[in-house]
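Novice: can you look at this prediction? I've put the sequence above it.
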Amino acid sequence: EVQLVESGGGLVQPGGSLRLSCAASGFTFSTYDMNWVRQAPGKGLEWVSTINSGGDTTGYADSVKGRFTISRDNAKKTVYLDMNRLKPEDTGVYYCITSRLGVTSWGQGTQVTVAS
């Protein structure tokens, strides 16, 4: 069974930083692309970033490009999202997800709140 457990969220002031982690189990992590998505209060899901299985290709939404960095440690079966220069509009629940053969697996999410 695929399990994804996010951690690292919290309350941070504008301009601050956070590191999110997503620990994976139940599947061959090193062969799966991994993604971060987020959902702001009252809004739909927004794709944030993707990293390929080998960790050498990444992609970012324009809204976070240059501020967020995705990475992974296949030995630890963990994907990370380093978030810098945070803005109030980055507030939301962040989820790590992975998909294969039409099946998408989600973690429970971690809340990020950017406020002064």
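Specialist: Good, I have the coordinates. Numbers count the residues shown, from 1 in each chain.
Novice: residue 104: how many residues sit nearby?
Specialist: 10 (other C-beta atoms under 10 Å). For glycine as for every other residue, the C-beta is placed from the backbone atoms N, C-alpha and C.
Novice: wait, what's in contact with residue 31?
Specialist: residue 53 (C-beta atoms under 8 Å, 6 or more residues apart in numbering).
Novice: in the protein, which residue is most central in space?
Specialist: residue 36 (3.1 Å; C-alpha atoms, centre = their mean).
Novice: give me phi/psi at residue 57?
Specialist: Residue 57 adopts backbone torsions of phi -130, psi 130, taken as degrees, to the nearest 10.
Novice: for it, which non-adjacent residue is spatially closest?
Specialist: Distance criterion C-beta to C-beta, 6 or more residues apart in numbering; nearest residue to residue 57, sequence neighbours excluded, is residue 51 at 7.2 Å.
Novice: who does that neighbour bridge with?
Specialist: residue 34, residue 58 (DSSP bridges).
Novice: quick one, what contacts it?
Specialist: 33, 34, 35, 57, 58, 70, 71, 72, 79.
Novice: buried subset of those residues as a PyMOL selection?
Specialist: Filtering those down to the buried ones (16 or more other C-beta atoms under 10 Å) takes a single PyMOL command:
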select buried, resi 33+34+35+70+72+79
